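1. Let me see the structure of the following:
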Amino acid sequence: MSAFKNKINLILAKSKNGVIGKDNSMPWHIPEELAYFKKETLNKVIIMGRNTFNSLGGKPLPNRVNVVISKTLSVDDFNGENFLLFKTLEKALSHFHREIYLNEVFLIGGADLAKYALEKDYIKTIFETEVEIEIKGDNLTYAPNFDTEDYVMLHLLTQVSSTAPNLQFSVYEYIKVK
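-> The predicted structure is shown next:
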């Protein structure tokens, strides 16, 4: 059994058809959903893959410990910005296993890293926003699948965007039970 089993959180936003990204960026901008993400991850450790790092423009999210998992990036790629770099998710989790409680760690993307963490059974809680929109086109990235039978689902909120009144989103929390 892994020391990281059921230890960390996954936070993601997806469309009704499961899209989390288009052309390496989020296909919507909803200030209320971003505020929810900020509230959940502020003063926490956020772990991301290389593509998510690139989608942030190479800038760290403020007031968080920003961690990048990449086998190809080097410290020089961060232009002096405040990131920690690890070659594997396990090396990052080992670091924080010693430093802080792992329940303060949020995996924020990308899809491959999230899928890997789910397959390894590292995810304890999934914070999932579903945006009531369908995204079509090329170069789409889809949310990883997980077995909902292994989780208890709580509906946290449903809200309408202030900037796009016809756009609604719902937030769910899935807590691992199996």
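2. hey, let's count contacts and neighbours off CA atoms from now on
-> Will do.
3. and the residue nearest the centre of the chain, helix, strand or coil?
-> In the chain, the residue lying closest to the centroid (Cα atoms, centre = their mean) is residue 108, at 1.9 Å. Following DSSP: H, G, I helix; E, B strand; the rest coil, we place residue 108 in the strand state.
4. From residue 167, how far off is it?
-> 23 Å (Cα to Cα, to the nearest Å).
5. now swap in residue 75 and tell me
-> With distances taken as Cα to Cα, residue 75 is found 40 Å from residue 167.
6. more crowded one of those two?
-> residue 167 (15 against 12; other Cα atoms under 10 Å).
7. And the contacts of the helix or strand of the chain with the lowest mean pLDDT?
-> Least confident helix or strand, the chain: helix 89-99 with a mean of 85, by mean pLDDT, DSSP states H and E. Contact partners of helix 89-99, identified using Cα atoms under 8 Å, 6 or more residues apart in numbering, comprise 4, 67, 69, 86, 102.
8. With stretch 143-150 instead?
-> Contacts of stretch 143-150 (Cα under 8 Å, 6+ apart): 12, 14, 18-20, 111-112, 114-115, 118, 176-178.
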